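# the sequence isn't on hand, but the structure is:
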Ligand code: NI
């Protein structure tokens, strides 16, 4: 069965049908979901979801674009939440230079702080990195991310960058973008990345795969992503689903 490693089911895009949708996942072959916090509020909402649904686990953290809200007080609050049994990762954290705000120094400061936090609480990290490949890699090296472990979510860089993250033993979240016709570099990277380092993810409600590109995404579309990875690697879709499920359980310590 499919292990969905990156969803935002707390997003308002699911307000109309969240319960119905989540309750239908299992019958469509989705076994587990990691709901990912992107701000303090969405981290709180993620905790609510993981308490309500047995198959939902949580990555708790603050996305680079939301780091302006962090201070010492709420950072302490955040740290306390990792004692929850179903909190399995620190994320999503990282750098996003596509947006001018917050200032790069602010993003970098809280990226480092959250990497150190992950080391303290002994959990892997979910990294968001957009148009910031070099700084992401430099900071990860300086903070010895290879001792923390984790994944590069929605990997969007080249094969050469993939090699750098592989050297740190990181995993790669692959989602709907891999099905886009113009995603040539990503397809190349997916061909290169060993199957035992690939995770399936949606980043829903965003990034729906072809043939639903532009529409609201959900874990129900993951078979299209698995199908494309299978095509690129010349293996069966079932093997992709099975291997990525195994990889996710290993990374997030879910037996
Ligand atoms: Ni995300």
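That came through fine. What you see is a predicted model, and the numbers here were worked out from it, not measured in a lab. Residues are numbered from 1 along each chain as shown.
# hey, let's count contacts and neighbours off CA atoms from now on
Will do.
# ranges for the helices of the stretch 1-150 of the chain?
18-24, 40-52, 72-81, 104-121, 133-142 (DSSP state H, counting those that start in this stretch).
# out of these, which is closest to residue 209?
helix 18-24 (18.0 Å; Cα to Cα).
# any idea how far that closest one is from the middle of the chain?
21 Å (Cα atoms, centre = their mean, to the nearest Å).
# for it, buried residues please.
residue 22 (16 or more other Cα atoms under 10 Å).
# same list, the helices of the stretch 1-150 of the chain, but as a markdown table with mean pLDDT and distance to residue 87 please.
Shown next, in a markdown table, are these (pLDDT from 0 to 100; distance: least, Cα to Cα, whole Å):
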| stretch | mean pLDDT | distance to residue 87 |
| --- | --- | --- |
| helix 18-24 | 98 | 19 |
| helix 40-52 | 98 | 8 |
| helix 72-81 | 98 | 8 |
| helix 104-121 | 98 | 10 |
| helix 133-142 | 98 | 22 |
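# which one of those lies nearest to residue 241?
Among the helices of the stretch 1-150 of the chain, helix 18-24 sits nearest to residue 241 (Cα to Cα), with 18.5 Å.
# please name the strands paired to the longest strand anywhere in the chain in the sheet, noting orientation.
Criterion DSSP state E: the longest strand present in the chain is strand 87-96. With DSSP bridges as the test, strand 87-96 is paired with strand 56-60 (parallel), strand 125-130 (parallel).
# of all these, which one comes closest to residue 2?
The nearest among those, by Cα to Cα, is strand 56-60 at 12.9 Å.
# now what about that closest one, what contacts it?
Residues from elsewhere that reach strand 56-60 (Cα atoms under 8 Å, 6 or more residues apart in numbering): 32-38, 43, 46-47, 49-50, 78, 81-82, 86-92, 126.
# pLDDT (mean, whole number) over that strand?
In this model, strand 56-60 has a mean pLDDT of 98.
# how about stretch 211-225?
98.
# in that stretch, what's buried?
Buried, per 16+ other Cα under 10 Å, within stretch 211-225: 217, 218, 219, 220, 221, 222, 223, 224, 225.
# and which of these is nearest residue 116?
residue 219 (30.7 Å).
# I'd say the closest one and residue 204 touch.
Yes - the pair residue 219 / residue 204 is scored as a contact, 7.3 Å apart, by Cα atoms under 8 Å.
# anything in contact with each of the two?
residue 7.
# what's the neighbour count on residue 76?
By the criterion of other Cα atoms under 10 Å, residue 76 has 12 neighbours.
# typo on my end, residue 130
Neighbours of residue 130 (other Cα under 10 Å): 18.
# hang on, isn't it packed against residue 99?
No - checked against Cα under 8 Å, the pair residue 130 and residue 99 is beyond contact range at 9.2 Å.
# list the residues that contact both of these two?
Common neighbours of residue 130 and residue 99 (Cα under 8 Å, 6+ apart) do not exist.
# so can I have JSON lines of the helices of the stretch 1-150 of the chain showing distance to residue 198?
Shown next, in JSON lines, are those (distance: least, Cα to Cα, whole Å):
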{"stretch": "helix 18-24", "distance to residue 198": "24"}
{"stretch": "helix 40-52", "distance to residue 198": "24"}
{"stretch": "helix 72-81", "distance to residue 198": "27"}
{"stretch": "helix 104-121", "distance to residue 198": "21"}
{"stretch": "helix 133-142", "distance to residue 198": "19"}
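# out of those helices, which gets nearest to residue 211?
With Cα to Cα as the yardstick, what comes closest out of the helices of the stretch 1-150 of the chain is helix 18-24 (19.6 Å).
# now do the closest one: everything it contacts.
residue 9.
# next: stretch 65-83.
With Cα under 8 Å, 6+ apart, stretch 65-83 has contacts from 38-40, 60-61, 87-88, 95-96, 99, 101-102, 106-107, 110, 117, 121.
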